[in-house]
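# just coords:
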């Protein structure tokens, strides 16, 4: 469960100078249930770096495919994938199904690893009285941050791809966020950091906002408040749960929530990161 899958499908690059900026998309893709529409949107963005949550691997509901690899083969990118959960009702007898996070890049990805948060909800764990059927969504594992270095020619960026717990309290989510921030402490003097994902938390509120600020992070979204990143449903309100933050020598520009894209139950966020010392 703690092994990171990797794949290199990007075309060779012959650039002699480092770019001064890269384009980023952060998106919870709802497992890749509408994979063609997801891929079409991502292709239209011509992004250099994709931070994706809720990505399926070998699950019945998404046709038993490696969703991340399907996307990178079409977009000609590299990827790393971290397993968040084994989906006990979605796999085959001899090949389990997983659900997790994927970071995709046109540039080389180095040193991928997982932070499996110490504090977890027990909501998803199997129980003897529940049948092994999809509606009960029984799982083994827990929420993670997928950490990867992105080597953009001579520039390097650390990408923290987060998916915080959707069940439980904000205290639990803030504890998971603090663990990722604590991990980043030693790296903040070395290189710029992008922390993005589905936080299941409105981090513009006082406590999470101050937690991020004290850790040296500033919002990369920079949009008028309030903005929402999930659509309204019959039994669901709009929420502000998908975020991107940066620290170090990068300047976030041109942030946008694509609130007309309906290929997932979350809207994608795009932005440009400009390297200050490029």
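Now that the structure is in, tell me what you want to look at. Predicted, not measured: the structure shown is a model, and the values here were computed from it.
# got the contact list for the longest helix belonging to the chain?
When the chain is parsed with DSSP state H, its longest helix is helix 170-184. The contact list for helix 170-184 (Cβ atoms under 8 Å, 6 or more residues apart in numbering) reads 115, 117-119, 121, 143, 145, 147, 158, 160, 162, 164-165, 193, 195, 199-201, 203, 207-208, 211-212, 215, 217, 247. (Each C-beta comes from the backbone N, C-alpha and C, glycine too.)
# mind checking which helix or strand the residue nearest to residue 86 when sequence neighbours are not counted is in?
Once flanking residues are discounted, residue 86 sits nearest to residue 140: 4.5 Å by Cβ to Cβ, 6 or more residues apart in numbering. Secondary structure assigned from DSSP states H and E places residue 140 in strand 139-141.
# what's in contact with that strand?
Contacts to strand 139-141, defined as Cβ under 8 Å, 6+ apart, come from residues 1, 83-88, 99, 116, 124-126.
# And residue 252, how far from residue 109?
Distance, residue 252 to residue 109, using Cβ to Cβ, to the nearest Å: 21 Å.
# Next: residue 35.
For residue 35, the distance to residue 109 equals 22 Å [Cβ to Cβ].
# So these two - more neighbours on which side?
Between residue 35 and residue 109, residue 109 has the larger neighbour count (other Cβ atoms under 10 Å), namely 23 against 19.
# pLDDT value on the more buried one, please?
The model reports residue 109 with a pLDDT of 97.
# just the angle between the helix or strand hosting it and helix 170-184, please?
Using DSSP H and E, residue 109 sits within strand 108-116. Computed by axes from the mean of the first three to the mean of the last three Cα atoms, to 10 degrees, the angle separating strand 108-116 from helix 170-184 equals 140 degrees.
# Which elements pack onto strand 108-116?
Contacts defined by 3 or more Cβ pairs under 8 Å, 6 or more residues apart in numbering; DSSP states H and E place strand 108-116 against strand 4-8, strand 78-87, strand 144-152, helix 170-184.
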